[in-house]
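Chemist: turn this into a model:
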Amino acid sequence: MMSWPEQVVRVQSLSESGIRAIPDQYIRPLSERPLFKLGSQFHRHVDVPLIDLQHLFGKDPTLHLDTLNRISNACRDWGFFQAVNHGVSHELMTRARQVWRDFFNLPLQAKQEYANAPTTYEGYGSRLGVVKGAVLDWSDYFFLHYLPVSLRNQSKWPMQPSSCREVVAEYGCQVVKLCTTLLKAMSIDLGLKEEYIENAFGGDNMGACFRANFYPKCPQPELTLGLSSHSDPGGITILLPDYDVARLQVLNDGDWITVNPVPGSLIVIIGDQIQVMSNAIYKSVEHRVTVNSAKDGLSLAMFFNPKSDLVIEAAEELVSEERPALYEAMTFDHYRVHMRMKGPCGKKRIESLKFNTP
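Modeler: The predicted structure is shown next:
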């Protein structure tokens, strides 16, 4: 866990070198490639959930209930939704995207000062997991701890561009407010007290992490992925997507569905800890990211997680003789070690926690 098993190669440098074929370690098995047909309706048209949040806690009870029902349906049936009128400043979203584009456009030597290690992942990285010989993703990233404040390591926050630290702090503040609002809505929908999920995650000590994802142009996008298939291990993720090229795909009813992001939207993704806590009433969504031969891509993710040493289990109110607890109780620290060791692996991790699973 102290070091990467092989020399770390920056994907952006590979892309900018002018190679015409990607190295073997980025080539996915046939069944994991973007154009492989999983289901019988591979090309079916699907309208993914798009929810206007402006009435979520407004004064009109009818519009409030309608918004709550839309969130409920999306979390139960899809495990994610696109959100508009979410309260996060569009101008700030633009600044956040630009400051991270500027960072990834810095000379390699300047970025290497923030090179990360698998012990925390904090800093500039290019791989997940420490399994030697693993198939790698066509992406670079920058990972930061945001909450609790005591975990923020300012030496890991980039000093270039000069506005980076300020923008990340301001953007994070607004997204935290959105997350808190959504956790209340989810608690209410599940029949729990409004503060239940937030308190179960640690209240003021709840964890939050930030990750900027950079997807360089790829000469053979049909052979690889920007991010392997996985479900997020934490609670919920708020994703600022790439609006220029549709890259995010979600698995729904056996088919990979491409999400065409609405400009100005944020994408809310249910993670494994919410699936456990809701006793699988809400589902975490398996998703992946494709790459493009003509355009680089950038997305920003805020992950909201339980305090690392808290035991997460199904809420008592959601457990009965007819529906017993489905998953083993476990701390988030224990749970996320799997991804740090092995990297993304679909939903195998959460399914392995089911009782009576060999």
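
Chemist: contacts, neighbours, all on C-alpha from now
Modeler: Will do.

Chemist: list the contacts of the closest residue to Leu225 other than its chain neighbours.
Modeler: Residue nearest to Leu225 in three dimensions, not counting chain neighbours: Thr290, with 4.9 Å by CA to CA, 6 or more residues apart in numbering. Going by CA atoms under 8 Å, 6 or more residues apart in numbering, Thr290 touches 34, 221, 224-227, 247-249.

Chemist: if you set the cut-off to 7 Å instead, what comes out?
Modeler: Residues near Thr290 by CA atoms under 7 Å, 6 or more residues apart in numbering: 34, 225-226, 247-248.

Chemist: ok, it to Ser15 distance?
Modeler: According to CA to CA, to the nearest Å, Thr290 stands 15 Å off from Ser15.

Chemist: for Gly235, same thing?
Modeler: For Gly235, the distance to Ser15 - CA to CA - is 33 Å.

Chemist: what about those two, which has more around it?
Modeler: Gly235 (26 against 20; other CA atoms under 10 Å).

Chemist: check contacts around that one.
Modeler: Contacts of Gly235 (CA under 7 Å, 6+ apart): 270-274, 304-306.

Chemist: which helix or strand in this structure has the lowest average pLDDT?
Modeler: Using mean pLDDT, DSSP states H and E, helix 332-342 stands out as the lowest-scoring helix or strand of the chain, at a mean of 78.

Chemist: who touches it?
Modeler: 118, 128-131, 233, 306, 308-310.

Chemist: tell me the centre residue of the protein?
Modeler: Note on the chain: the residue nearest the mean C-alpha position is Thr237, at 4.9 Å, using CA atoms, centre = their mean.

Chemist: can I take it that it is in a helix?
Modeler: No. According to DSSP: H, G, I helix; E, B strand; the rest coil, Thr237 belongs to no helix; its state is strand.

Chemist: quick one: contacts for it?
Modeler: If you count contacts by CA under 7 Å, 6+ apart, then Thr237 has 268-270, 301-304 around it.

Chemist: element containing the nearest residue to it once chain neighbours are set aside?
Modeler: Leaving aside its sequence neighbours, Thr237 sits nearest to Phe303 (CA to CA, 6+ apart; 4.5 Å). Under the criterion of DSSP states H and E, Phe303 resides in strand 297-305.
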